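sequence-free structure coming up:
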């Protein structure tokens, strides 16, 4: 038996167990549920990406048997397979002629995280009905229930609660995908850090502040905005989710750029402290500035033009067998 198979089976069963705890409805159960993709990421990053794939399949089958088929399908599409795919990309690399190793760029990985976040939302929204009208009704009902719990949120004079619920339902993919993007970034960072501490991470720890998405990401973002406003159905939902995911990805890149260009400069600690303080107390409004910095950086390569040659390239020798 290949060594990755038992590792994958174990990771999949642990992930399935963490996912199943959510039915208890407690705060601890919710926390455990949110940690469900971590075992699959650890298995894929620490042993073999195929271990992560086995874990995604086994976890889905286990939940399908223990709960219901829809739960297993939802786990596979929204948790297991995204975790496996991101781990697979993170470990992609090629050997150069001089013996150094070139690893998959962090910027491309961040762009993929945005795409996976959008796909994850669509998968979660489509299962189990795969019917757009049912999805719309479900989101509108959830929004209406939220407003009913606190009438002051929609009690402004002249505001139609139903119309407001419909507008928020249309924006749900944008905001949900933003959250998924942050969560996936944290998942990948935490999984990689666990594997690095164990000494099994094949890839050297990357220079995170140098993250720079390719210029094509800007065109993908603009295309998603256009499609979201012109096309309906789940295609439009995916485009709206992709818009929100790229908004967060570019904002994170803008934050990374501030870390990068401030290295070695006086007052760096004060600048970073002030930036995070603004993020915390501006209710996210400062992320608009981060978004613009991130888009401009990808489109025009600002760091490479204006700041000492731009982000460093990390090229290291492959790990010993």
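Nice, I can see it. Predicted, not measured: the structure shown is a model, and the values here were computed from it.

contacts, neighbours, all on C-alpha from now
Will do.

what's the biggest helix by length in the chain packed up against?
Ordering each helix of the chain by length in residues (DSSP state H) puts helix 161-198 first. For helix 161-198, the helices and strands in contact under the criterion 3 or more Cα pairs under 8 Å, 6 or more residues apart in numbering; DSSP states H and E are helix 37-46, helix 81-90, helix 106-126, helix 132-149, helix 233-261.

Tell me, how many residues neighbour residue 233?
Using other Cα atoms under 10 Å, residue 233 has 13 neighbouring residues.

which residues touch it?
Applying Cα atoms under 8 Å, 6 or more residues apart in numbering to residue 233 gives the contacts residue 132.

one step back: let me see the mean pLDDT of the longest helix of the chain.
The average of the pLDDT scores along helix 161-198 is 87.

Ok, stretch 239-256 next?
95.

got it, and stretch 223-232?
In this model, stretch 223-232 has a mean pLDDT of 92.

What of stretch 277-293?
If you average the per-residue pLDDT over stretch 277-293, you get 86.

tell me which residues of it are tucked away?
Buried residues in stretch 277-293, defined by neighbour count with 16 or more other Cα atoms under 10 Å: 286, 287, 290, 291, 293.

Using the three-state scheme, assign the last one.
Just to be clear, that refers to residue 293. helix (DSSP: H, G, I helix; E, B strand; the rest coil).

does residue 111 really touch residue 211, like I thought?
No: shown here, residue 111 and residue 211 do not form a contact pair, counting by Cα atoms under 8 Å, at 10.4 Å.

Please identify the helix or strand for residue 32.
helix 27-34 (DSSP states H and E).

could you say what helices and strands that helix packs with?
Looks like helix 27-34 contacts helix 4-20 (3+ Cα pairs under 8 Å, 6+ apart).

what is the rounded mean pLDDT of the helix it packs on?
In this model, helix 4-20 has an average pLDDT of 91.

Show me what the helix holding residue 32 is in contact with.
The contact list for helix 27-34 (Cα under 8 Å, 6+ apart) reads 18, 19, 20, 21, 22, 23.

Got a PyMOL select line for the buried ones in the residues you listed?
One line in PyMOL is enough to select the buried members of the contacts of helix 27-34, burial here meaning 16+ other Cα under 10 Å:
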select buried, resi 18+19+20+21+22
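
For the closest residue to residue 80 other than its chain neighbours, give me its contacts.
Distance criterion Cα to Cα, 6 or more residues apart in numbering; nearest residue to residue 80, sequence neighbours excluded, is residue 56 at 4.1 Å. Residue 56 makes contact with 12, 40, 75, 76, 79, 80, 81, 84 under the criterion Cα under 8 Å, 6+ apart.

Go again with 10 Å.
Counting by Cα atoms under 10 Å, 6 or more residues apart in numbering, residue 56 touches 8-9, 11-13, 15-16, 37, 39-41, 50, 72, 75-77, 79-84.

Could you measure from residue 87 over to residue 46?
10 Å (Cα to Cα, to the nearest Å).

No further questions, thank you.
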